[in-house]
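**Student:** please find the sequence and the predicted model below.
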Amino acid sequence: MSTILQQILDRRSVMAFLPEAINDNDIKTIINAAMLAPSAYNEQPWFFFVVNRKNESQFARVLGALAPANQEWAKNAGALIVCAYRKYSSKTGKENPYAMHDLGLATSFLLLQAQALGYVSHAMAGFDAVAMGEVLDIDYNLGLASVVAIGRHGDIEKLSEQNRQRELSMRSRKDFAEVAKIL
């Protein structure tokens, strides 16, 4: 069997972050990597709202739209990236049925680039979409899919007992036969 990329092997959703802002060049590199993802008809339907913790008021507003359980640990992230997709094709004006798929590909590139730069991350779906839409002044053409916390790995001892146990748990994945069949 071939070797899997080290960034894929090392990537894990963590909850212990150092409360340090991410430098702008690294943010740009991470987003530029996401922009290189493939997309149906080259629509590139993704849009990323990057809220670096150095913008304290906006960071607090985005954090406040997360589910309380996510706020508990995401408050220390270096940046929160709200991942959105354009619902309608720029070419046809019709609904783009592949937009969320394409955003998922771009988000995976984003996560792997962050990992390659020495950051850790945690993608989450636990947020109030209406509140987040108001915080970010989302227009009707954008759908919100997830929020990614990115930063340097922090001290797991500062996590709640439940989150510490989650972070220390073994990474688990389904067996190959449960997710794939080679014909």
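**Tutor:** Structure's in. What do you need? Note that the coordinates shown come from a computational prediction; the quantities given were computed from them, not determined experimentally. Numbering: from 1, shown residues only.
**Student:** quick one, strands of the protein?
**Tutor:** Per DSSP state E, the chain has strands spanning 46-52, 79-86, 120-124, 142-151. These are given in chain order.
**Student:** the second one relative to strand 46-52, how many degrees between them?
**Tutor:** The one in question is strand 79-86. 160 degrees (axes from the mean of the first three to the mean of the last three CA atoms, to 10 degrees).
**Student:** for the shortest one, same thing?
**Tutor:** Calculated by the same axes, to 10 degrees, strand 120-124 forms an angle of 120 degrees with strand 46-52.
**Student:** what angle do strand 120-124 and strand 142-151 make?
**Tutor:** Using the same axes, to 10 degrees: strand 120-124 against strand 142-151 is 150 degrees.
**Student:** list the buried residues of strand 120-124.
**Tutor:** Across strand 120-124, burial judged by 16 or more other CB atoms under 10 Å covers V120, S121, H122, A123, M124. (Glycine included, C-beta is placed from N, CA and C.)
**Student:** off-centre distance for it?
**Tutor:** Per CA atoms, centre = their mean, to the nearest Å, the displacement of strand 120-124 from the mean C-alpha position of its chain is 5 Å.
**Student:** lowest-pLDDT helix or strand in the chain?
**Tutor:** Ranked by mean pLDDT, DSSP states H and E, the helix or strand of the chain with the weakest confidence is helix 6-10, at a mean of 88.
**Student:** mind giving me the packing neighbours of that one?
**Tutor:** helix 99-116 (3 or more CB pairs under 8 Å, 6 or more residues apart in numbering; DSSP states H and E).
**Student:** and S90, how many residues sit next to it?
**Tutor:** S90 has 12 neighbours, counted by other CB atoms under 10 Å.
**Student:** list the residues that contact it.
**Tutor:** S90 is in contact with E43, counting by CB atoms under 8 Å, 6 or more residues apart in numbering.
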